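**Q** Sequence plus predicted model, see below.
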Amino acid sequence: MNPSSKTNRNSDGCWTCRLRKKKCDLGQPTDAKPRWMDGGELQRGRAEQVKAEVKRRATWRREKRHVAGDMDGETMIDLEMADGLQGVHLSAKAAQVNGDREPARAFASMEQAGAIDGHSFDAATDTTPSSSWATEHSPNSSATAVSPAPSRDHHHDATTAVGTVLPNDRELAQVMAYLDYVFPFLYPFYRPPIFSGGRGWMLTLLMRNKALLHASLTLVSFFMAVWFHQDGLGDGHGGDGDLTDGGGASPDDPGGKGRHVRTCQAAAWTEMQTQQELSMRSLMEDIANINEHGVKGRLREGSRTLASIIQILCFEVAVGNAAGSWSLHLDGAIVLLDQMLQLNAQSVRGPAGDTIVCWRSVLAALDLEDGGEGRVQAWLLSSDQAALQFFSAAAIYFDIVSSTALEQAPRLAGYHASLLATPSEHLSAVSPLVPVELVMGHACPRALAEDLPPVDLGVVSGAANWVLVCVGETAGLDAWKKTERRHARLDMVELVTRAGVIERKLRLGLEKMDAAAGGRCQGGRDGKGSASTMAPSYTPPPIRPDCPTSHAPPDEDTHGLTTGIWAHAALAYLAVVVNGWQPASGTIRASVETALSFLSTLSASRPFCLQTVGWPLAVAGCLAAREQEPRFRALVGSIGGGLEVFGAVREALGIMEGVWARRGEIEGAQVEWDLSRCFGINGRRAFLV
């Protein structure tokens, strides 16, 4: 650097760089001297604010994990409730850090994000400089400042018809790969009957939602990279090496397959990074739109943004890069769904004075936004209605599972009674003072016909709603117990009483499930079956010839088996909350052994469904006896095809191994040990979905 350049950096740099006494890249516009640059108290206060922000960002960077040494990134979504419940305050930040790029590079502003063409942007060649300080540390802005949501009286003036995203040929092929292979692997229990439209709504949504499209293509690229890596290892060729070797085949690799596999793997990693950047930039545009116009009367925009956040969260969890960001993504999804329901749903008063949210009114309002007449069809939902139904289930499920690691009650627990109970359960709890029509009117026609809950968590988790509600209630009980203990006012009688209510629900659910299974066996011998079991559903092709998805799709027995695994793990979890860490107790031993037996059965018949039982697998494994450890390790290996590296299964195994390695220390510890501490044993809070 020549002397004149150094002088310019010192004299003409932006005010933030002068305050920090750092060299400036001169990429920001020159502004008038800010009021806080007074050489006194205001300047020192501003310096402390900037210093704290730098430390906060450094903490986020340290929390990143690298995927196979090729991916290095950080994505965050922060959302806050807006005053007056007129919308949501959201801010999205994304930073992509690569070895050959400046670490300070970030997507600085919504305006920059909006100028990006989703078809022409190339992450590998983009060289436009940007700084995260440009908008977040200017004198007139803050890290989370957004405009207040305007009155919804004129929201239609600011809303335009959502356009269609037209991917190129290569991206279209990847879209079909996502629909045919990736989506069925991630959600093996989502097999909608053909007369309900199948998964066509997902294709429609991908064509209309840029953020969701690029997030889905990110997952496809990650799958491809993993499969290429496994191909290389399976043939005796390493997954790494010189990717630019232009020579012929080596003696150890006569066909040159190893070199080609490594080249394809590198291309998949590059594509994954590109699509990840594009998804975050598109999501930032959507968030800016919601910040400006709110979500009242704009369910379509809110539901599509919710879908994008959930998809990006799934990617972060899948690649194991979610140590510091999954809770931020989840916070965004929870706040957004909560606001959508508060501002758009009708409600009725329940028997105990509580509020029952009318889910059908939400779907009807969404139909009106799509140009319909506010109807909810008995079977065939619109693409936006089906998307809201599915991703709301995902958000509620994620909220329940995360609460066990975060040591808090599920934040959407207030909606459980409204959205997760069946019509018959509502009727059994309704007060005589409340007209039955008001309670039943919130259910959709199909839910009334088949006694289905408004939102079915089983399509995401494979488990029945009642068992997941019990898991959430146990997490809330654990949080209550710890709060009461900190204030030295814990009443053990009340603790046992509350736990008894949850235990009775779990055991009653298991009894009903056993009775239903017996009825299905009798019906099968009589040649009879229910409409739901006889309805044709889509069975995807195997991802690879050795992939376990070549097995038959999940059936009612598989749903029951999965629910049983969750229920027995929940019983063990409840026992730990009430009695402390007592893995040798009879109750816990019985629950763990039954859960392990069910897991083994599931592994033998539907190994790909193990992806959905990461949480109960971790709970049972942490409480397992020493002689049971090899059986749990074998369960993870049974997935095969290299797919055990994904998300919850890998995370669960890491947690179990960590607990087993410290078995003597934990069992002899003077401090209280519980499952929430197990979920953080590897230095980060696990998200087992």
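**A** Cool, got the structure. Numbering: from 1, shown residues only.
**Q** average pLDDT across stretch 367-377?
**A** Across stretch 367-377, pLDDT averages out at 78.
**Q** Give the buried residues for it.
**A** Asp367, Glu369, Val376, Gln377 (16 or more other CB atoms under 10 Å). The C-beta positions use only the backbone N, C-alpha and C, and glycine is treated the same way.
**Q** how close does the second one get to Leu477?
**A** Using CB to CB, to the nearest Å, one obtains 39 Å as the distance from Glu369 to Leu477.
**Q** ditto for Asp367
**A** Taking CB to CB, one finds Asp367 at 39 Å from Leu477.
**Q** Same question for Tyr181.
**A** Taken as CB to CB, the span from Tyr181 to Leu477 is 40 Å.
**Q** where does Glu373 fall, phi/psi-wise?
**A** Backbone torsions for Glu373, taken as degrees, to the nearest 10, come to phi -110, psi 20.
**Q** nope, Phe189 is what I was after
**A** According to degrees, to the nearest 10, Phe189 has phi -90, psi 0.
**Q** Touching, it and Gly462? I think so.
**A** Yes: with contact defined as CB atoms under 8 Å, Phe189 reaches Gly462; the gap is 4.2 Å.
**Q** Between those two, point out the one with more neighbours.
**A** Gly462 (26 against 21; other CB atoms under 10 Å).
**Q** residues contacting the more buried one?
**A** With contact set as CB atoms under 8 Å, 6 or more residues apart in numbering, Gly462 has these partners: Pro188, Phe189, Pro554, Thr558, His559, Thr562, Thr563, Cys609, Thr612, Val613.
**Q** ok, the residues you listed vs Ser585, which is closest?
**A** The nearest member of those to Ser585, counting by CB to CB, is Val613 at 22.9 Å.
**Q** How about the secondary structure of that closest one?
**A** helix (DSSP: H, G, I helix; E, B strand; the rest coil).
**Q** Could you confirm Ser347 falls within a helix?
**A** No: Ser347 sits outside any helix when classified using three-state DSSP, being strand.
**Q** Report the contact partners of it.
**A** Thr355, Ile356, Val357, Cys358, Ser418.
**Q** As TSV, these with distance to Val501, secondary structure and neighbour count would be great.
**A** Converted to TSV, those look like this (distance: CB to CB, whole Å; DSSP: H, G, I helix; E, B strand; the rest coil; neighbours: other CB atoms under 10 Å):
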residue	distance to Val501	secondary structure	neighbour count
Thr355	22	strand	14
Ile356	20	strand	24
Val357	23	strand	21
Cys358	27	strand	21
Ser418	20	helix	23
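**Q** where does the stretch 551-689 of the chain have low pLDDT?
**A** Along the stretch 551-689 of the chain, segments meeting pLDDT under 70 span 551-555, 639-646, 669-671.
**Q** Next, give phi and psi for the residue lying closest to Asn209 once chain neighbours are set aside.
**A** Nearest residue to Asn209, sequence neighbours excluded (CB to CB, 6 or more residues apart in numbering): Arg304, at 4.8 Å. Main-chain torsions, Arg304, degrees, to the nearest 10: phi -70, psi -40.
**Q** measure Arg304 to Lys482 for me?
**A** Counting by CB to CB, the gap from Arg304 to Lys482 is 38 Å.
**Q** Of the two, which one has the most company?
**A** Using other CB under 10 Å, the more surrounded residue of Arg304 and Lys482 is Arg304, with 22 against 17.
**Q** Could you double-check that that one lies in contact with Lys210?
**A** No: using CB under 8 Å as the test, Arg304 is too far from Lys210 to be in contact (9.7 Å).
**Q** Confirm Val176 sits in a strand?
**A** Val isn't right for residue 176; it's Met. No: read with three-state DSSP, Met176 is helix and lies in no strand.
**Q** could you measure it against Leu217, distance?
**A** For Met176 relative to Leu217 (CB to CB), the value is 11 Å.
**Q** same deal with Val496?
**A** Distance of Val496 to Leu217, given as CB to CB: 51 Å.
**Q** Which one of the two is surrounded by more residues?
**A** For the pair Val496 and Leu217, the greater number of neighbours falls to Leu217 (26 against 12), based on other CB under 10 Å.
**Q** residues in contact with that one?
**A** Glu171, Gln174, Val175, Tyr178, Glu271, Gln275, Ser279 are the contacts of Leu217 under CB under 8 Å, 6+ apart.
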